[in-house]
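**Student:** give the three-dimensional model of this entry:
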Amino acid sequence: MIGKIKELLIGPPLRTQEMAGTRLNNIRALAAFSPDALSSIAYANQEIYLGLVVAGSVGLAMALPIGLAITGLLIIVAVSYYQTIQAYPSGGGSYIVARANLGTLPGLMAAGALMIDYLLTAAVSLTAGVEAIASAFPVLWSYRVAASLALLVVITLINLRGMQETGTALSIPVYFFLISFLAMLLYGAVKAVLQGPGIPPFAPPAAIQPLSTLLVLRTFAAGCTALTGIEAISNGVPAFRPPESRNAGKTLIVMAFLMGALLAGSIGLTQYFGVVSNPQETILAALARTLLGTGPAFYIVQIATLLILAVAANTSFADFPRVAAILAKDGFMPRQLTGLGDRLVFANGISLLALGTALLIVVFNGDTHALIPLFAIGAFLAFTFSQTGMVVHWLRLRSAGWHLKALINGVGAVTTGTAVIIIAISKFVNGAWISIFLIPIIVMFFYSIHSHYREVTRELTLHGLPPSLRPKPPPRIVVPISGVSRAVIEAVMYALSFSHDVTAVYIELEPGKSVEVKKDWECWLPDVPLVILDSPYRSIVRPLMDYLDKIDEEINDGQSAAVVLPEFVPARWWQSLLHNQTAFLIRTALLYRRRRFGHERVIIDVPFHLSR
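**Tutor:** Numbering: from 1, shown residues only. Have a look, this model is predicted:
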């Protein structure tokens, strides 16, 4: 039943040999990797507006200069990442570049920053998408969290269906957004030329604080969220069809051009027409209303914005599992993240990202503005490590044109590093401190996982002192029982098949209950000793543990008694909820109990499957 539901939701399993057929052409790749980058104009514009509106009309006049500065930074970062793609055709994410050229610690810091960035990208994109549609339908403002979580479920299921299906599914909202939004900007430009700015429907609010350098820097830092997502293609180069690096580079150029046009165009028209939003409206919704009125065209643009913001989370779903798998392969994250799921995607990584994103949405109550201060610092820190690593790469390689290449990446490192400092200072008290605090904790988490895996390898290796090859003595067997049943008799008979020293143990929770058990035992298995233990505190696990330790110490034959656990298995999964799971509790306690008297304890499960 569960298998059928799973197949219905994510599709039938794919063979490993079909991996090549799941790669993306440039059109699908742009749809899969660019939603975050393209949609970031929605919350970037909103943050620029909210940052400047407190200074009134004087503050809003700075929107276009700040937008152009961010566009210039976008060009620098895009050119830098284009070089990264060419230098690392197998995938040149910030972690790989930083670790290869700067060392393990900088690489893990970049990875930690990326992890935070991907989580926040998904959460911000979904919440901003809901806010966009709520601007057109205000009744939805009260249901932002539920709506964001519903969109998260849809995006997760789409990604679990596989890379190619994801690219196909996302092509519709991405290109619908591009067509509708670019058409609106073109219409706005024509209207500006033919009709002029006109009279704004709303006057800018009065200034509540003066325009200052700190205010401009804080707004610039918030607007830098427009650049998030630009590194996605460099992380996902292996997802492209051959030649991978060439196709990825072309797609990056197209994506950067579209990002610049959307950002500069929307801010320019907003400032030219003197657009001001009301409290339950985003600035892009106000721009659409100013240009298009409140007719069908307005609602088309709002729906397109919702869709692009909703699927913008897909950039995280495309890259987070891939980066997590690389970290897991290097031993810095759980190895379960390296496994491909039924649809040839990193299903465990996708699920982990979905859970983390849901937690952020609930904790921050679906408020995009509250999430934004945490947002950009992780992305720009990863940018800085990546570009600095590329400078070291060119200095080592010294290939043709390395001076210019190193200069380009060096400018990228300086500009993004400066942006990190500005963001950290200006947004520190608003929430950036959380990201700054979390990154070293995540790095410590990476190191602790790596240390565990190294210790496992050290203890399991056959190098050094060889293990003993002497045959083990016949085991002593203890069979915990809850009564006399078919399952118990099957387990005892199995134990007798390889040992003549078998003892059953019954733990009496209620006085007098053992009389009937002893009678049945003597009837069915009179030759097998039965030990009855009192449990005045109604515990099963503790008396059994004490008994095992006691007999091991008394007999002292160089081994621990093995435990054979009889366990009946219900026919339906839900029927397990109706039983005490005593065998599971005993097995767990035995498994995680450290060795006593220098010997391991063997645990053997003997299942008895019920027919109904």
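**Student:** for residue 530, see how far away the residue with the largest distance to the centre of the chain is.
**Tutor:** Of all residues in the chain, residue 523 sits farthest from the chain's C-alpha centroid, using CA atoms, centre = their mean; the distance is 58.5 Å. Per CB to CB, to the nearest Å, residue 523 is found 12 Å from residue 530. The way it works is simple: take the backbone N, C-alpha and C, and place the C-beta from them, glycine included.
**Student:** assign the residue farthest from the centre of the chain to helix, strand or coil.
**Tutor:** Classification of residue 523 by DSSP: H, G, I helix; E, B strand; the rest coil places it in helix.
**Student:** spit out the contact partners of it.
**Tutor:** For residue 523, the contact set (CB atoms under 8 Å, 6 or more residues apart in numbering) is empty.
**Student:** mind running it again at 10 Å?
**Tutor:** Listed by CB atoms under 10 Å, 6 or more residues apart in numbering, the contact set of residue 523 reads residue 484.
**Student:** how close does it sit to residue 529?
**Tutor:** 15 Å.
**Student:** tell me how far the helix or strand where residue 95 lies is from the chain's mean position?
**Tutor:** Using DSSP states H and E, residue 95 falls within helix 94-102. On the basis of CA atoms, centre = their mean, to the nearest Å, helix 94-102 sits 21 Å off its chain's mean C-alpha point.
**Student:** now it: mean pLDDT?
**Tutor:** For helix 94-102, mean pLDDT is 89.
**Student:** next helix or strand past that helix?
**Tutor:** Next element after helix 94-102 (DSSP H and E): helix 104-136.
**Student:** the next helix or strand after that next one: how far from the chain's middle?
**Tutor:** Next in sequence after helix 104-136, counting helices and strands by DSSP H and E, comes helix 144-160. In terms of CA atoms, centre = their mean, the centre of helix 144-160 is found 14 Å from the chain centre.
**Student:** for helix 144-160, name the packing helices and strands.
**Tutor:** helix 2-10, helix 104-136, helix 163-195, helix 296-329, helix 347-363 (3 or more CB pairs under 10 Å, 6 or more residues apart in numbering; DSSP states H and E).
**Student:** so which of those comes closest to residue 69?
**Tutor:** helix 163-195 (19.8 Å; CB to CB).
**Student:** what touches both of residue 523 and residue 530?
**Tutor:** Common neighbours of residue 523 and residue 530 (CB under 10 Å, 6+ apart) are residue 484.
**Student:** returning to that earlier point: dump the helices and strands packed on helix 144-160 to a markdown table, plus distance to residue 498 and mean neighbour count.
**Tutor:** As requested, the helices and strands packed on helix 144-160 are arranged in a markdown table below (distance: least, CB to CB, whole Å; neighbours: other CB atoms under 10 Å):
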| stretch | distance to residue 498 | mean neighbour count |
| --- | --- | --- |
| helix 2-10 | 35 | 11 |
| helix 104-136 | 49 | 26 |
| helix 163-195 | 49 | 18 |
| helix 296-329 | 39 | 24 |
| helix 347-363 | 38 | 20 |
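**Student:** ranges for the helices of the stretch 451-600 of the chain?
**Tutor:** Listed in chain order, the helices of the stretch 451-600 of the chain (DSSP state H, counting those that start in this stretch) span 486-496, 514-524, 541-555, 582-591.
**Student:** deepest of these, which one?
**Tutor:** Stretch with highest mean neighbour count among the helices of the stretch 451-600 of the chain: helix 486-496 (a mean of 19; mean count of other CB atoms under 10 Å).
**Student:** in PDB, list the C-alpha atoms belonging to that one.
**Tutor:** What follows is helix 486-496, C-alpha atoms only, in PDB (Å, rounded to 0.1, in the frame of the first residue of the first chain):
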ATOM      1  CA  ARG A 486       4.100 -20.400  19.000                       C
ATOM      2  CA  ALA A 487       6.500 -17.500  18.600                       C
ATOM      3  CA  VAL A 488       8.300 -18.400  21.800                       C
ATOM      4  CA  ILE A 489       8.600 -22.100  21.000                       C
ATOM      5  CA  GLU A 490       9.900 -21.300  17.500                       C
ATOM      6  CA  ALA A 491      12.600 -19.100  19.100                       C
ATOM      7  CA  VAL A 492      13.600 -21.700  21.700                       C
ATOM      8  CA  MET A 493      13.800 -24.500  19.100                       C
ATOM      9  CA  TYR A 494      16.000 -22.200  16.900                       C
ATOM     10  CA  ALA A 495      18.300 -21.600  19.900                       C
ATOM     11  CA  LEU A 496      18.500 -25.300  20.600                       C
END
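**Student:** helices or strands up against that helix?
**Tutor:** By 3+ CB pairs under 10 Å, 6+ apart, helix 486-496 packs against strand 477-481, strand 502-508, helix 514-524, strand 562-569, strand 603-609.
**Student:** now tabulate the helices and strands packed on helix 144-160 in TSV and tack on distance to residue 496.
**Tutor:** Formatted as TSV, these follow (distance: least, CB to CB, whole Å):
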stretch	distance to residue 496
helix 2-10	37
helix 104-136	54
helix 163-195	54
helix 296-329	44
helix 347-363	42
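**Student:** out of those, which is closest to residue 144?
**Tutor:** Short answer: helix 104-136, nearest of the helices and strands packed on helix 144-160 by CB to CB, at 5.0 Å.
**Student:** in the stretch 451-600 of the chain, where is pLDDT below threshold?
**Tutor:** Filtered on pLDDT under 70, the stretch 451-600 of the chain yields the residue ranges 594-598.
**Student:** test my guess that residue 237 contacts residue 231.
**Tutor:** No. Look at residue 237 against residue 231 with CB atoms under 10 Å: they stay out of range, at 11.4 Å.
**Student:** among those two, which residue is more densely surrounded?
**Tutor:** residue 231 (29 against 24; other CB atoms under 10 Å).
**Student:** tell me how far the more buried one lies from residue 238.
**Tutor:** Using CB to CB, residue 231 is found at 15 Å from residue 238.
**Student:** from residue 558, how far out is the residue positioned nearest the centre of the chain?
**Tutor:** Residue closest to the mean C-alpha point of the chain, counted by CA atoms, centre = their mean, is residue 353 at 2.3 Å. Relative to residue 558, residue 353 is positioned 50 Å away (CB to CB).
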